[in-house]
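S.K.: Build me a structure from this.
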Amino acid sequence: MELRHLRYFVMVAEERHFTRAAARLNMQQPPLSQQIRALEAELGFDLFKRHPKGVDLTAGGQVFLQEAQDILARVKEGSLKASRAAHGIEGQLSVGFTSSAATHPLIPRIIRAYRERFPGVSVLLKEGSAQQLTEETVDGSVDVGILRAPVGRHQSIEFHRLLNEEMLLTLPVGHPLLARHGDGDEAPVIPLTDLANERFILVRRPGAPGMYANLITACQRAGFEPKVAFEVERMLTNVSLVAAGEGVSIVPASMKDVHKESVVYCHIGGSRPRLHAPVTLVCRSFNQLPPLANFIELSRQLSGRSYSKRQR
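M.R.: Numbering: from 1, shown residues only. The predicted structure is shown next:
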């Protein structure tokens with residue numbers, strides 16, 4: 001028994017006439033009659049009572065009609081669901097993010113736009129460190145991570161760079177360097193060499209290896225070894241410690257409104273290399289399901305630039 005047999009049967013049952021049913025099916029009447037006879041032979045009972053004006057359903061035919069209609073409806077519904085899943089219109093997507101990456105306005109914009117464009121996809125959000133999200137991407141518990149600089153190397157993942165933004169020096173209000181370099185309402189430019197005696201508050205190297213290493217290198221090229229007073233898990237914490245007067249830090253420019261009544265954000269002068277904070281997607285490089293592929297493509301569109309993809 002094939003689905004086409006059920007469709008033939010339902011059409012004849014609806015028309016109560018073989019010729020009219022054949023016309024709707026765009027086929028000849030004799031082959032249709034043969035298919036119905038074959039179906040009746042397989043079932044072991046007649047589906048129709050034939051008479052000169054057409055056909056009527058038998059008792060068995062009436063029951064079988066309801067079942068056939070239900071089967072065809074379920075097949076249609078299943079096909080629709082499968083098609084939606086295949087195109088990423090339905091499904092589930094687990095998105096992890098670091099606190100510093102989430103402060104960039106692009107990230108909430110991407111997530112909101114994705115929810116609006118793909119309302120049938122259930123989006124699960126979780127926060128974590130860059131290292132944690134990378135590991136969870138490798139093991140499949142997170143579909144995509146949004147972080148700053150790439151962390152770790154693994155053959156099963158790839159990184160997508162969405163953008164770079166300037167890193168700013170964060171000083172507590174009233175810091176002596178502000179009096180020396182302040183310029184009215186403009187964000188002051190502080191030479192990196194002026195930070196030789198400052199106590200730095202940094203995100204731990206495993207959580208932000210690229211940005212951490214770039215700062216150390218820039219300080220060394222400026223002629224000094226930075227004094228690291230604290231290492232914290234998240235960038236929001238180091239801004240709070242700067243506000244408390246425990247030292248200075250560098251953060252992405254998109255964080256410049258955090259504790260702005262207690263800290264001052266400054267440009268950094270004379271840094272080699274220039275200090276930038278990327279926004280990066282990390283995901284598995286194989287078996288990317290449609291919801292993930294759609295998320296990556298939408299992120300690329302909204303970032304306003306072509307991004308690089310690096311396999312690790």
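S.K.: So which elements touch the longest helix anywhere in the chain?
M.R.: Ranked by residue count, the top helix of the chain under DSSP state H comes out as helix 59-86. Secondary-structure packing of helix 59-86 (3 or more CB pairs under 8 Å, 6 or more residues apart in numbering; DSSP states H and E): helix 3-15. All C-beta spots, glycine's among them, are computed from the backbone N, C-alpha and C.
S.K.: coming back round to it: show me what the mean pLDDT comes to for the longest helix of the chain.
M.R.: The average pLDDT for helix 59-86 rounds to 88.
S.K.: List the buried residues of that helix.
M.R.: 61, 64-65, 68, 84-85 (16 or more other CB atoms under 10 Å).
S.K.: do the same with stretch 196-206
M.R.: Buried-residue list, stretch 196-206, by 16+ other CB under 10 Å: 198, 200-203.
S.K.: Return the helix or strand in the protein with minimum mean pLDDT.
M.R.: strand 309-311 (a mean of 42; mean pLDDT, DSSP states H and E).
S.K.: about what we covered before: okay, among the buried residues of helix 59-86, which ones form the most distant pair?
M.R.: 61 and 85 (35.6 Å; CB to CB).
S.K.: Residue 214 - how many residues pack around it?
M.R.: By other CB atoms under 10 Å, the residues close to residue 214 number 21.
S.K.: these two touch, right, residue 3 and residue 76?
M.R.: No: using CB atoms under 8 Å, residue 3 makes no contact with residue 76, being 10.3 Å away.
S.K.: Okay, domains of this protein per the record?
M.R.: Following automatic domain parsing, the chain resolves into domains at 3-86, 91-163+279-311, 166-277.
S.K.: Look up phi and psi at the residue of the chain most remote from its centre.
M.R.: The C-alpha centroid of the chain is most remote from residue 52, which lies 63.3 Å away (CA atoms, centre = their mean). In terms of degrees, to the nearest 10, the main-chain angles of residue 52 are phi -60, psi -30.
S.K.: Pull out the buried residues from stretch 104-118.
M.R.: 104, 106-107, 110-111, 114, 118.
S.K.: now swap in stretch 31-42 and tell me
M.R.: Buried residues in stretch 31-42 (16+ other CB under 10 Å): 32-33, 35-36, 39-40.
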